[in-house]
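> sequence and predicted structure are below.
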Amino acid sequence: MAKQSFLKNLVDFVTSWTNKQRLFVWRALDILAIMVASIVSFIILYDIITVTPIQWGIFTLLSASIYFIVLHLFKVDQRISRYSSLYDFVNVFFSQLVSNLVSGFILSLLMDAFSLRFVVITALFAAVFSTAYRILWRGVYTSRSVSKFSVDELEDKKILLIGAGDGGSLFIQSFKRQPEGLNVVGILDKDKNKIGTNISGVPVLGSDSDLAEIALKYNVDEIIIAIPSLQPEAYERILKAANEIDVPVFKMPSVEKVLQGKHRQNDMKKVDISDLLGRQEIKLDESHLRQEIEGKVILITGAGGSIGSEIARQVSKYNPLKLILLGHGENSIYLIYHELIKKPGMMTQYIPVIADVQHYDRLLEVFKEYKPDIVYHAAAHKHVPLMEVNPIEALKNNVYGSYRVAKAVDAAGVRKMVMISTDKAVNPPNVMGATKRIAELLVIGMNKKSDSLFCAVRFGNVLGSRGSVIPVFEKQIAAGGPVTVTDFRMTRYFMTIPEASRLVIYAGAFAEGSEVFVLNMGEPVKILDLAKKMILLSGFSESEIPIVESGIRPGEKLYEELLTSSELVNKQLDENIFIGQVIDQPIEETLAFVEEVKDKPTNDLKKELVRYANESHIVDSDDEVIVIPDEAELVTE
């Protein structure tokens, strides 16, 4: 314990130095390495050569000077020594070796009888000494926390790691430097050839099929999965075994955070539903996103909602000049505004604006004041059952609100408007989907009478949004069940909120006007399977939390579609985004319909909205097209 205390104090003392102080010490040690190496070389060759004090002094200074120049040119001296890798050690070794040899060669040309044997031996010893200093320091830095990884330290949280590959190795190396009270007692891996080996002193105890037995034997507090590419079936198997012994399961922080040393213990994330669904998040060419956003003024309506706020987060990554956060709810705008302004290193000016999209004059005032380049329109009523009993509110917010945003975009000379739509706008049996479909017609129709560009982006359900079934299931499970599924045959498309938001920005970057961009949502998911996975994630079994069928609610469909059976796609951005064109229908005609039905009784209003929305189709095209089948499987020809 005294040794550990000394090492800890030493490391804390050294790490308190400034970068200049540490660099000075390392350079002094490197000069010392050359001096000691030359003395050792002189002793070895004592009876063979003669080196005068002047020769020794000139050689030492010249070697050190060349060495420091090499370090600076190749930026070797900018690397943090406690994180040095084998690559860094090799660079130091050869930098010192070459510098001494070059110095010796120069002096042999300038001075008579200067021994090359002395130069070679000195160069080798100096390279070894300089490298040894750094290896020793890394060992000292790491050894201060070795006890944290000993099974004898009962006060630390005992961790069982899943994965003895690159992820597991990276995790252990990183947390040895920053243990934070973690005690990794062992590793499990499905590769039986690794059992009995170790990673940095942490033993591979068995296969992941031995999880329950080993976790009980070592009295494990947490299980951490360090396999970034783990398949959903493996996640489920691990969760089931962990649930039986009541041990929580987490994922290691992102590889980027671990590599940068920015992780903390609370960065450990619980396995979530996206891991069990197994949807591979779509990767995009971020240069297009940066080109679309950087240095621009961006305005987001509904910026306090789950989609709007995530668009704000994603947009912020690409350094817009200004980001206007517009919303009707003051609390949600306050929260996202303060979240964004606290991010370090941000150059963007964030402006919170409280406004209702139904108020055209207020919108126009805001647009003229801030002069946005792009408007992302995410404000909408999205709750299907609620809109069934409040159709007039859906009409006012989703239809009139969207049209007034589009009008303000046109009047203020905004370059582009991207409307966030939904798969529920396709063949809608409900008010929410019908109003979004009519909003699409109005917004896209503005292209005929405006110099601005208008497009819509359509996608399915997003995991974790306020209108998602996930929060409902979580509350039902927390209450002890039952979990209610309206129909066991029901399916839905899902993607994560960040993924959907990035795709919205990406699709909007390619807008030329009048497009409906349709995101590839992957395979539909049975809601029954989703409920089962949610129960598993919560640490229960289906015998503890039953699932019951409650019957389809008003306005619900058994399955959602991304395009109608008659809709055509005449272009693809790539395999992730399809493009269609809304029927060429005059705005005046749609507005006349809306004005005609707005004062009708609730039931009549619902019927008229749904009827009108279902009469709209994608325009025919002379171009070669891709037909999307009824089940909305995105199949290309």
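Good, I have the coordinates.
> now for the longest helix seen in the chain, which elements pack on it?
The helix of greatest length in the chain, counted in residues with DSSP state H as the criterion, is given as helix 116-143. Applying 3 or more C-beta pairs under 8 Å, 6 or more residues apart in numbering; DSSP states H and E, one finds that helix 116-143 contacts helix 2-15, helix 19-44, helix 53-73, helix 86-110, helix 166-177. Placement of C-beta: from N, CA and C, glycine included.
> tell me which stretches of the stretch 301-450 of the chain form helices.
With DSSP state H, counting those that start in this stretch as the criterion, the stretch 301-450 of the chain has helices at 306-316, 330-341, 360-370, 384-389, 391-394, 401-412, 431-445.
> next one: the next helix or strand after the longest helix of the chain to chain centre, how far?
The C-terminal neighbour of helix 116-143 among helices and strands, as given by DSSP states H and E, is strand 157-162. Taking C-alpha atoms, centre = their mean, to the nearest Å, the mean C-alpha location of strand 157-162 is offset from the chain mean by 24 Å.
> how about strand 157-162: buried residues?
Buried positions in strand 157-162, judged by neighbour count with 16 or more other C-beta atoms under 10 Å: 158-162.
> okay if I get the residues you listed as JSON lines plus pLDDT and distance to Phe68?
Formatted as JSON lines, the entries for these read as follows, by pLDDT from 0 to 100; distance: C-beta to C-beta, whole Å:
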{"residue": "Lys158", "pLDDT": "82", "distance to Phe68": "47"}
{"residue": "Ile159", "pLDDT": "82", "distance to Phe68": "43"}
{"residue": "Leu160", "pLDDT": "86", "distance to Phe68": "47"}
{"residue": "Leu161", "pLDDT": "85", "distance to Phe68": "42"}
{"residue": "Ile162", "pLDDT": "85", "distance to Phe68": "46"}
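> doesn't Phe94 make contact with Tyr67?
No: taking contacts as C-beta atoms under 8 Å, Tyr67 lies outside contact range of Phe94: 10.8 Å.
> pick out whichever of these two has more residues nearby.
Here Tyr67 and Phe94 are set side by side on neighbour count (other C-beta atoms under 10 Å), and the busier one is Tyr67, at 29 against 15.
> quick one: the more buried one from Val426, how far?
When distance is defined by C-beta to C-beta, to the nearest Å, Tyr67 is 69 Å away from Val426.
> next one: Ile44
84 Å.
> mean confidence for the longest helix of the chain?
Per-residue pLDDT values over helix 116-143 give a mean of 80.
> show me where pLDDT drops low in the stretch 251-400 of the chain?
Flagging of the stretch 251-400 of the chain using pLDDT under 70 yields the residue ranges 253-284, 345.
> hey, where'd the strands end up in it?
Shown for the stretch 251-400 of the chain, the strands assigned by DSSP state E, counting those that start in this stretch span residues 269-270, 297-301, 322-327, 349-354, 374-377.
> mind putting those in JSON lines, distance to Ile438 included?
Compiled in JSON lines, the strands of the stretch 251-400 of the chain are given as follows (distance: least, C-beta to C-beta, whole Å):
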{"stretch": "strand 269-270", "distance to Ile438": "40"}
{"stretch": "strand 297-301", "distance to Ile438": "17"}
{"stretch": "strand 322-327", "distance to Ile438": "22"}
{"stretch": "strand 349-354", "distance to Ile438": "26"}
{"stretch": "strand 374-377", "distance to Ile438": "14"}
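> turn those into TSV, including mean neighbour count and distance to Thr484.
Formatted as TSV, the strands of the stretch 251-400 of the chain follow (neighbours: other C-beta atoms under 10 Å; distance: least, C-beta to C-beta, whole Å):
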stretch	mean neighbour count	distance to Thr484
strand 269-270	12	24
strand 297-301	27	33
strand 322-327	25	31
strand 349-354	17	36
strand 374-377	27	33
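> nearest to Ala132, of these?
Among those, strand 269-270 comes nearest to Ala132, with 39.8 Å by C-beta to C-beta.
> tell me the secondary structure of the closest residue to Ile159 other than its chain neighbours, please.
In this structure, Ile159 finds its nearest non-sequential neighbour in Val184, 4.8 Å apart by C-beta to C-beta, 6 or more residues apart in numbering. Under DSSP: H, G, I helix; E, B strand; the rest coil, the three-state class of Val184 is strand.
> contacting residues for the residue nearest the centre of the chain?
Centrality entry for the chain: nearest residue to the mean C-alpha point is Pro498, 7.5 Å, by C-alpha atoms, centre = their mean. Taking C-beta atoms under 8 Å, 6 or more residues apart in numbering as the contact definition, Pro498 lies against 310, 313-314.
> compare those and tell me which is most surrounded.
The most crowded member of those, judged by other C-beta under 10 Å, is Glu310 (25 neighbours).
> what sits against that residue?
With contacts taken as C-beta under 8 Å, 6+ apart, Glu310 has the following neighbours: 497-498, 500-501.
> farthest pair in these?
Checking the contacts of Glu310 with C-beta to C-beta, the most distant pair is Pro498 and Ala500, at 7.4 Å.
> chain neighbours aside, what residue packs nearest to Ala412?
With C-beta to C-beta, 6+ apart as the criterion, Ala412 has its nearest non-adjacent residue at 3.6 Å, and that residue is Phe367.
> tell me which residues of the helix or strand hosting Asp529 are tucked away?
In this structure, Asp529 is located in helix 527-537 according to DSSP H and E. Within helix 527-537, the residues that qualify as buried are 527-528, 530-537, counting by 16+ other C-beta under 10 Å.
> I'd like those laid out as CSV, including pLDDT.
Converted to CSV, these look like this (pLDDT from 0 to 100):
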residue, pLDDT
Ile527, 83
Leu528, 85
Leu530, 82
Ala531, 84
Lys532, 83
Lys533, 80
Met534, 81
Ile535, 82
Leu536, 79
Leu537, 74
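> among those residues, which one lies nearest to Gly104?
Out of these, the one with the shortest distance to Gly104 is Leu537. That distance is 66.2 Å, counting by C-beta to C-beta.
> doesn't Lys240 make contact with that closest one?
No: the criterion here is C-beta under 8 Å, and Leu537 misses it with Lys240 at 10.9 Å.
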